[in-house]
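*Asks:* Okay, sequence plus prediction incoming.
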Amino acid sequence: MRKKALENWAGNETAKYALDNWDTLADLTPTTRFETLKRARFQSRDEAAARGTAVHALAEQIVEGAEVDVPDELAGHVASAVRFLDEWKVRSVPNEATVWNEKGHYGGTLDGVATSDVWDERCGEQRVILFDWKTNRSGMYGETALQLSAYGNAKFYIGADGQDHPMAELGVTDHWAIGVRSDGYSVYPMDRSEQTFRTFQYVATVARRTGAMDAMDAMDALKSAEIFAERAA
């Protein structure tokens, strides 16, 4: 699926890295400078992914009463994540669970499934929330609904006991994306309709088939002039 925001992000991250490391890059050979800039956006992406995982893990430990050392650069994000867990009175069920759908040919690892006393009170019934932490600086994207829909429509998950369990037994009723910033958090309910899952399936199918096409060896080009010459003869 084309991601226009990601295309812009790639260019912006490369430009930002160049400006922030101008003097260092100037000392490199042109080839090394090129290779360094080419990798810059991936370094930023990996750091963002690691930040999200760390924030989630540290916040969970703090809420459970554990004493942890929080790196200064993560302090604001962790505090915001803890605020979310406390203010919404979140009680987690499985965390970082591996899920899969054999028929759909996909699998992944969800951030968590939880209940919220506050949300239950608002809805007047018990709700079960499948959620995903997002710590990117650029905000929330609608395609997150596709990611959560894939998790929600998985058939099995691996529980804390290491055994396979039917996903249906969790009784998920809501999909949330939790945008965590250094100065606060936002809760984004995500669409979990059948149409959203169908869209994910379409996107996944196109991605698989495109990948298969990329792996195919190109055939020799036809020499059209020779073919027409033979026909004319």
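*Replies:* Looks like it came in fine. Residues are numbered from 1 along each chain as shown.

*Asks:* pLDDT below threshold where in the protein?
*Replies:* 1-7, 9, 45-46, 93-94, 215-233 (pLDDT under 70).

*Asks:* the strands in it, which residues?
*Replies:* For the chain, the strands defined by DSSP state E occupy 90-101, 106-116, 129-134, 156-158, 164-166, 174-181, 184-190.

*Asks:* deepest of those strands, which one?
*Replies:* strand 129-134 (a mean of 23; mean count of other C-beta atoms under 10 Å). Placement of C-beta: from N, CA and C, glycine included.

*Asks:* relative to strand 106-116, how tilted is that strand?
*Replies:* Using axes from the mean of the first three to the mean of the last three C-alpha atoms, to 10 degrees, the inter-axis angle of strand 129-134 relative to strand 106-116 is 110 degrees.

*Asks:* How far away from the center of its chain is strand 129-134?
*Replies:* In this view, strand 129-134 has its centroid 10 Å away from the chain centroid, taken as C-alpha atoms, centre = their mean, to the nearest Å.

*Asks:* That one packs against which elements?
*Replies:* Other helices and strands packing on strand 129-134, by 3 or more C-beta pairs under 8 Å, 6 or more residues apart in numbering; DSSP states H and E, are helix 30-63, strand 106-116, helix 144-152, strand 174-181.

*Asks:* Let me have these in a markdown table, extended by distance to Y202.
*Replies:* Shown next, in a markdown table, are these (distance: least, C-beta to C-beta, whole Å):
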| stretch | distance to Y202 |
| --- | --- |
| helix 30-63 | 25 |
| strand 106-116 | 13 |
| helix 144-152 | 10 |
| strand 174-181 | 19 |
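
*Asks:* picking up where we left off before, quick check: which of the strands of the chain is nearest to E13?
*Replies:* Using C-beta to C-beta as the measure, strand 129-134 is the one of those that comes nearest E13, at 17.3 Å.

*Asks:* Parallel or antiparallel, list what pairs with that closest one.
*Replies:* Using DSSP bridges, the strands paired with strand 129-134 are strand 106-116 (antiparallel), strand 174-181 (parallel).

*Asks:* count of residues packed around A10?
*Replies:* Around A10 there are 16 other residues, counting by other C-beta atoms under 10 Å.

*Asks:* Now it: closest residue in space, sequence neighbours ignored.
*Replies:* Distances taken as C-beta to C-beta, 6 or more residues apart in numbering put R41 closest to A10, at 4.9 Å, once the chain neighbours are dropped.

*Asks:* dump the residue contacts of D132.
*Replies:* Taking C-beta atoms under 8 Å, 6 or more residues apart in numbering, we find D132 in contact with L110, D111, T144, Q147, L148, Y151, W176, A177, I178.

*Asks:* let's see 10 Å
*Replies:* Contacts for D132 were tallied using C-beta atoms under 10 Å, 6 or more residues apart in numbering; they are 52, 56, 110-112, 144, 147-148, 151, 175-178, 188, 190.
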